[in-house]
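# Okay, sequence plus prediction incoming.
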Amino acid sequence: MLVSGGGSNLAALLAAHGDPAYGARVVGVVSDTADAGGLTVARDAGVATAVVAPSDFADRAAWDAALAEAVRVFGPSLVVSAGFMRILGAPFLDRFGGRFGGRVINTHPALLPSFPGAHGVRDALAHGVKVTGCTVHLVDAGVDTGPIIAQRAVEVAADDDEASLHERIKTVERALLVDVVGRIARGGLVVDGRRARLLG
Ligand code: GRF
């Protein structure tokens, strides 16, 4: 799992993965920053962690290679990006089959293809939408552009600010991510062009 922030999505997966019937286990957590709260969440659960910070590398390609190596040692069958605030480069995606091989997924706090990027909640609010939500999608070389696996809607309240709306989205997002990861682990995922379908 790839994290940069507090790791509430990670915590939700960790709460599910203890049950063998769930079908998936978090084997390792990698962050681009040693400050990520998600690292503490992982350590407290006894899950191995690694930090691969861009500032420790000469250039983007070297960081990308180091990130791929850090993930490889955990031997994941699925890479889950949840609040990981970096673009995954082509070498990383080639290595983990993210170019529609279905092995790298991301969760985004908006209904893609609307409001991609780092400020999906803020941008949706500023646009005045009445319904937004969250999306779990395959990662491709673009910014939040890969095939959509699952989405859930969240209504925008008249008095919402970015924080209140994001908190409500995150509640729905965590449940969606746990559901999708379990279904991929138990049944698999088929991807036909832009159309991704869960089999589990
Ligand atoms: C999630 O809403 C994710 O979609 C967004 O950042 C948030 C991460 O939350 N990009 P957490 O670190 O899992 O609590």
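Received the coordinates, thanks. Numbering: from 1, shown residues only.
# A strand includes residue 135, no?
Yes - residue state for residue 135 (DSSP: H, G, I helix; E, B strand; the rest coil) corresponds to a strand.
# Now do the closest residue to it other than its chain neighbours against the ligand, distance only.
The shortest distance from residue 135 to any residue other than its chain neighbours is 4.3 Å, reached at residue 112 (C-beta to C-beta, 6 or more residues apart in numbering). C-beta coordinates here come from the backbone N, C-alpha and C atoms, glycine included. Between residue 112 and the ligand the distance, using C-beta to the nearest ligand atom, to the nearest Å, works out to 11 Å.
# Got the confidence number for the closest residue to the ligand within the chain?
As assessed by C-beta to the nearest ligand atom, the ligand sits closest to residue 83 within the chain, at 2.6 Å. The predicted local distance difference test score for residue 83 is 94.
# Find the nearest non-adjacent residue to it, please.
In space, and not counting its chain neighbours, residue 83 is closest to residue 5: 4.1 Å by C-beta to C-beta, 6+ apart.
# Please name the residues that touch that neighbour.
By C-beta atoms under 8 Å, 6 or more residues apart in numbering, residue 5 lies in contact with 36, 37, 38, 83, 85.
# In ChimeraX, how would I pick out whichever of those are buried, leaving the exposed ones unselected?
Selecting just the buried residues from the contacts of residue 5 in ChimeraX takes one command, with 16 or more other C-beta atoms under 10 Å as the test:
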select :36,37,38,83
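# Out of the contacts of residue 5, which comes closest to residue 59?
Distances from the contacts of residue 5 to residue 59 were compared by C-beta to C-beta; the smallest belongs to residue 85, at 18.7 Å.
# The residue lying closest to that closest one once chain neighbours are set aside: what's it in contact with?
In space, not counting the residues next to it along the chain, residue 85 is nearest to residue 4; the distance is 4.3 Å by C-beta to C-beta, 6+ apart. Under the criterion of C-beta under 8 Å, 6+ apart, the neighbours of residue 4 are 31, 32, 33, 36, 38, 83, 84, 85, 86.
# change it to 10 Å
When contacts are counted by C-beta atoms under 10 Å, 6 or more residues apart in numbering, residue 4 touches 31-33, 35-38, 81-86.
# which strands and helices sit next to the worst-scoring helix or strand of the chain on mean pLDDT?
Lowest by mean pLDDT, DSSP states H and E among the helices and strands of the chain is helix 90-96, with a mean of 86. Here helix 90-96 touches helix 60-72, strand 79-82, strand 104-108, going by 3 or more C-beta pairs under 10 Å, 6 or more residues apart in numbering; DSSP states H and E.
# send the alpha carbons of the second one over as CSV?
This file holds the C-alpha atoms of strand 79-82, laid out as CSV (Å, rounded to 0.1, in the frame of the first residue of the first chain):
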residue,chain,number,x,y,z
VAL,A,79,-0.6,-2.2,-5.2
VAL,A,80,-3.1,0.2,-3.6
SER,A,81,-2.4,3.9,-3.6
ALA,A,82,-4.5,5.7,-1.0
